[in-house]
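Chemist: Quick one, structure for this:
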Amino acid sequence: MQENILMALGGGAVIGLATALFLILNGRVTGISGILNGLFTYNKSDYFWRLFFVIGMITGGIVLTLKNPAYFEPLPSRNSAMILMAGLLVGFGTVMGSGCTSGHGICGVARMSPRSIIATICFMITGMLVANFLRWIVGV
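Modeler: Now for the predicted structure:
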């Protein structure tokens, strides 16, 4: 249990440091949905840093998985339609909320943005309600 707490604290510190450095060095917020969206609206001056950011996230995940496979237990089989629906709803929510959990929850709250604080509270409450609904009513 203590190891999990320390890993969570370390991970949170690394995310916070990386986000702060990204803002200081690039003058941009680390909003993943905005970074991904920028890949689909080609702008030569913005495209390549976004592409390398995404490649870096994917590569980091692959390296971590290969180096520490014990940290990643296989997922039990899930309903593919439910996963697809969840992804579409997250994408829809990201557009409706003008940003994702990383943009609002990590960057916006740290900047004390009222809009981001309210958005993050809404994300958390909605996530808890939907998770409980799916667990108790649908049986997922």
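
Chemist: what's the strand or helix carrying residue 132 packed up against?
Modeler: Here residue 132, judged by DSSP states H and E, is contained in helix 114-133. The contact analysis (3 or more C-beta pairs under 8 Å, 6 or more residues apart in numbering; DSSP states H and E) places helix 114-133 against helix 109-110. (Glycine included, C-beta is placed from N, CA and C.)

Chemist: Against which helices or strands is the helix it packs on packed?
Modeler: Looks like helix 109-110 contacts helix 2-26, helix 114-133 (3+ C-beta pairs under 8 Å, 6+ apart).

Chemist: May I have the predicted confidence score for the most centrally placed residue in the chain?
Modeler: Central residue of the chain (C-alpha atoms, centre = their mean): residue 102, 5.0 Å from the mean position. Note for residue 102: predicted pLDDT of 78.

Chemist: what do you get for residue 75?
Modeler: In this model, residue 75 is scored at 68, pLDDT.

Chemist: Then residue 31?
Modeler: 83.

Chemist: I'd like to check which residues are in contact with it.
Modeler: Counting by C-beta atoms under 8 Å, 6 or more residues apart in numbering, residue 31 touches 99-100, 102-104, 107.

Chemist: so what's it closest to, chain neighbours aside?
Modeler: residue 103 (2.7 Å; C-beta to C-beta, 6 or more residues apart in numbering).

Chemist: Dump the contacts of residue 31 to a markdown table, plus distance to residue 86.
Modeler: Putting the contacts of residue 31 into a markdown table (distance: C-beta to C-beta, whole Å) gives the following:
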| residue | distance to residue 86 |
| --- | --- |
| 99 | 18 |
| 100 | 14 |
| 102 | 17 |
| 103 | 19 |
| 104 | 19 |
| 107 | 24 |
